[in-house]
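**Q** Could you look at this predicted model? Sequence included:
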Number of protein chains: 2
Amino acid sequence: MNQLPAMPLPTSEPARNFNKIALVEDKQETQESLIQLLEMFTDLKCVCVCASGEEALKQIPPVQPDLVLMDIFLPRMSGIECTARLKALVPNARILILTASADQEMVFPALEAGADGYLLKQGDPVKLRAALQELLHGGVPMTSSIARRVADFFRKRTKTRDELVRLSPRETELLMLLANGYSNKEIAVKLSLTVETIHTYLKNVYKKLHVHSRAEAAVKYLSSQP
Amino acid sequence: MNQLPAMPLPTSEPARNFNKIALVEDKQETQESLIQLLEMFTDLKCVCVCASGEEALKQIPPVQPDLVLMDIFLPRMSGIECTARLKALVPNARILILTASADQEMVFPALEAGADGYLLKQGDPVKLRAALQELLHGGVPMTSSIARRVADFFRKRTKTRDELVRLSPRETELLMLLANGYSNKEIAVKLSLTVETIHTYLKNVYKKLHVHSRAEAAVKYLSSQP
DNA sequence: AGCTGTTATCCCCATTTAGGGATAATGACA
DNA sequence: TGTCATTATCCCTAAATGGGGATAACAGCT
């Protein structure tokens, strides 16, 4: 149960007054400008620079950085895949995805892979600086356009929903809770209604959806949103 | 198909050099301090102050504000519900949810309801100012802790995927049918098993997934699917 | 003034489900 | 050889659910 696998701690490190940062970027030009930028921040030390995902998975785990700046578009292994694997090897590292405005559609896979932030690399030193600080303090830096995409993700679910069936607001509310796995009793408590009322509502919802069980209703509701 | 319901445009407004903002907040103290704060911003004009959701739905649509600051915890109608209804009545208004740190769990319902931002009301004028600017420019202001919750939402999907791996092939087969809305009886027929057998299987599946109802199991299964 | 939809409460009853247990034949694996 | 996971069957009980109905306040519409 206890293995203690020779932790890579060559130098004793009781307390650092700087944060270790690693860089994964294949385009040399961008790589250099980022390094230059990072040198300006005296509390950050760039300890590792990789030009590919494979390289990153080998070189980054031994140095256990606090931050990783990850390009999304890498030769063979994508920055997303690299992020997912790195997160398993260096769970304490906070990974910031840097992207060229075009590949914004990768934001959801990136967040799923464990990315801790998603920024456009337009090279604003002040914004990058702020983002890195935010990362170190547990935040999730996102540009507003990316946050908007995230918000839209949630929004489009309710929009498509009432296009299918004409449920009343209250009925929809109930169905949402049902589709989250709540029991009638739990729903009743959440909405401050009696269980019998929930009962009646669900009967109507079932009729409108043409289903005969809560599981069916939940499926219908959930499958109506991408 | 075309109704054109007498748009409320009493004054002709070709171009404004300020943005109209409305306030929905029941606590008088907070209300006053927000008004005071907004007065500092000369490009904003507070055109409507409401102390309840019901009031907001009546008073806000006629004035068609550009921004709405919405408290989440209101007497009868929640700020979420009010947001959803307001969005239908004033689609062009950008609604910013203001919340006391406690009710952070409302962030998803809020985004689904159509909120355009979600901030903690800790009363930092600079941050509020920045958020309002971001709103007017199409951004979605969120505090980093809230953005983090959003990111975690995507992450937990992969987590449940791991739990599903623990299921045996037969158990997975059952769960798939369950998640299609079939009853135990129907599943039994489909797999040529007795209902009691289905019963036993589901008990085990529930244990492994840490759920207590078929609806919960279905939701967990479906949310783990791409 | 009547109709319809929404919200909300309550009753009854049959079926289904959830949770607890026991049992047994497989095949894998150590 | 024993243990374990998987597949499969059966029994029991309490709780939850599904389907049927009645009732009532209220808002909006005609």
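**A** Yep, it's here.

**Q** How is the nearest residue to residue A:18 once chain neighbours are set aside assigned, secondary-structure-wise?
**A** In this structure, residue A:18 finds its nearest non-sequential neighbour in residue A:45, 4.8 Å apart by C-beta to C-beta, 6 or more residues apart in numbering or on different chains. Heads up, the C-betas are built off the backbone N, CA and C, glycines and all. For residue A:45, the assignment made with DSSP: H, G, I helix; E, B strand; the rest coil gives strand.

**Q** Next: residue A:41.
**A** Note that with three-state DSSP, the state of residue A:41 is coil.

**Q** Now do the same for the residue lying closest to it once chain neighbours are set aside: its pLDDT.
**A** The spatially closest residue to residue A:41, leaving aside those adjacent along the chain, is residue A:129, at 6.5 Å (C-beta to C-beta, 6+ apart). pLDDT for residue A:129: 86.

**Q** now do the one 10 residues further on
**A** Taken from the predicted model, the pLDDT recorded for residue A:139 is 68.

**Q** doesn't residue A:43 make contact with residue A:18?
**A** Yes: Residue A:18 lies in contact with residue A:43 (C-beta atoms under 8 Å); the separation is 5.2 Å.

**Q** Domains in chain A, by residue range?
**A** Here the domain parsing of chain A from automatic domain parsing is A:19-151, A:157-223.

**Q** Please identify the residues of chain A in proximity to DNA strand D?
**A** Applying C-beta under 7 Å from any atom of the strand, we find that chain A lies next to DNA strand D at A:183, A:184, A:185, A:199, A:200, A:202, A:203, A:206, A:212, A:213, A:214, A:215.

**Q** Apply 6 Å and report the result again.
**A** For chain A, the contact set with DNA strand D under C-beta under 6 Å from any atom of the strand comprises A:183, A:184, A:185, A:199, A:200, A:202, A:203, A:206, A:212, A:213, A:214.

**Q** What about the residues you listed, which one has the most neighbours?
**A** When neighbours are counted by other C-beta atoms under 10 Å in any protein chain shown, residue A:214 leads the residues of chain A next to DNA strand D with 23 neighbours.

**Q** Spatially nearest residue to that residue, not counting backbone neighbours?
**A** Spatial nearest neighbour of residue A:214, chain neighbours left out: residue B:215 (4.9 Å); criterion: C-beta to C-beta, 6+ apart.

**Q** Just want the phi and psi numbers for that neighbour.
**A** Backbone torsions for residue B:215, taken as degrees, to the nearest 10, come to phi -60, psi -40.

**Q** contacting residues for it?
**A** A:178, A:179, A:181, A:182, A:183, A:214, A:215, A:218 (C-beta atoms under 8 Å, 6 or more residues apart in numbering or on different chains).

**Q** Number of residues surrounding residue A:82?
**A** Around residue A:82 there are 27 other residues, counting by other C-beta under 10 Å.

**Q** Name the surrounding residues that touch the helix or strand in which it is found.
**A** Assigned by DSSP states H and E, residue A:82 belongs to helix A:79-89. For helix A:79-89, contacts defined as C-beta under 8 Å, 6+ apart pick out A:24, A:53, A:56-57, A:60-61, A:68, A:70-74, A:93, A:95, A:97, A:106, A:109-110, A:113-115.

**Q** pLDDT below threshold where in chain A?
**A** Applying pLDDT under 70 to chain A flags residues A:1-16, A:101-105, A:123, A:138-139, A:143-148, A:150-165, A:225-226.

**Q** Could I get the full set of helices for it?
**A** A:28-39, A:53-63, A:79-89, A:107-113, A:125-136, A:144-164, A:169-178, A:184-191, A:195-209, A:214-223 (DSSP state H).

**Q** How about the second one, which residues are buried there?
**A** For helix A:53-63, a neighbour-count test (16 or more other C-beta atoms under 10 Å in any protein chain shown) marks A:53, A:55, A:56, A:57, A:60, A:61 as buried.

**Q** Quickly name whichever of those is closest to DNA strand D.
**A** Within those, the smallest distance to DNA strand D is 30.5 Å, found for residue A:57 (C-beta to the nearest atom of the strand).

**Q** of all of chain A, which residue lies closest to DNA strand C?
**A** residue A:168 (2.8 Å).

**Q** quick one on the thing from earlier: of all the residues of chain A next to DNA strand D, which comes closest to chain B?
**A** Taking C-beta to the nearest C-beta as the measure, chain B sits nearest to residue A:214 out of the residues of chain A next to DNA strand D, at 4.9 Å.

**Q** from memory that closest one sits against residue A:201, does it?
**A** No: with contact defined as C-beta under 8 Å, residue A:214 does not reach residue A:201; the gap is 11.8 Å.

**Q** Contact residues of chain A facing DNA strand C?
**A** A:168, A:169, A:170, A:171, A:193, A:194, A:196, A:197, A:199, A:200, A:213.

**Q** Dump these to CSV, plus distance to chain B.
**A** As requested, these are exported to CSV (distance: C-beta to the nearest C-beta, whole Å):
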residue, distance to chain B
A:168, 13
A:169, 8
A:170, 10
A:171, 14
A:193, 14
A:194, 18
A:196, 19
A:197, 17
A:199, 15
A:200, 18
A:213, 6
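
**Q** Nearest to residue B:39, out of those residues: which one, please.
**A** residue A:169 (35.5 Å; C-beta to C-beta).

**Q** okay, now the closest one: neighbour count?
**A** Using other C-beta under 10 Å, residue A:169 has 11 other residues around it.
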